[in-house]
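[1] sequence? don't have it. structure:
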């Protein structure tokens with residue numbers, strides 16, 4: 001399920017519930033980019049269970065670090 005709220009101009013709260021495929025996130029990014037980029041850089045913040053709010057690159061690094069810690 002995808003829910004989008006716009007509490008303030010240029011602020012979008014997006015909630016994805018259930019199983020989220022990479023294509024869902026890419027679709028969301030394509031849909032939001034035109035609204036967020038007219039005046040500058042778009043930033044997508046993700047919140048995932050057991051992770052702190054971080055950017056997508058940091059989410060990948062955090063997941064890799066957790067996998068490494070489990071293997072150690």
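    Great, that's in hand. Quantities reported herein were computed from a predicted structural model and do not represent experimental measurements.
[2] Burial check on residue 12, number of neighbours?
    Counted with other C-beta atoms under 10 Å, residues neighbouring residue 12 total 14. No exception for glycine: its C-beta is placed from N, CA and C like everyone else's.
[3] That one touches residue 29, doesn't it?
    No - the criterion here is C-beta atoms under 8 Å, and residue 12 misses it with residue 29 at 11.5 Å.
[4] what comes into contact with whichever strand or helix holds residue 4?
    Using DSSP states H and E, residue 4 sits in strand 2-8. Defining contact as C-beta atoms under 8 Å, 6 or more residues apart in numbering, one finds that strand 2-8 is touched by 12-17, 24, 28.
[5] did I read that right, residue 18 in a helix?
    No - assessed with DSSP: H, G, I helix; E, B strand; the rest coil, residue 18 is coil; it does not lie in a helix.
[6] which phi and psi does it have?
    Phi and psi for residue 18, reported as degrees, to the nearest 10, are phi 90, psi -160.
[7] And it, how close does it get to residue 24?
    10 Å (C-beta to C-beta, to the nearest Å).
[8] In terms of packing, which of those two has more residues around it?
    Each of residue 18 and residue 24 has its neighbours counted (other C-beta under 10 Å); residue 24 has more, 13 against 7.
[9] Of all the helices and strands in this structure, which has the lowest average confidence?
    Every helix and strand of the chain was ranked by mean pLDDT, DSSP states H and E. The lowest is strand 54-55, at a mean of 50.
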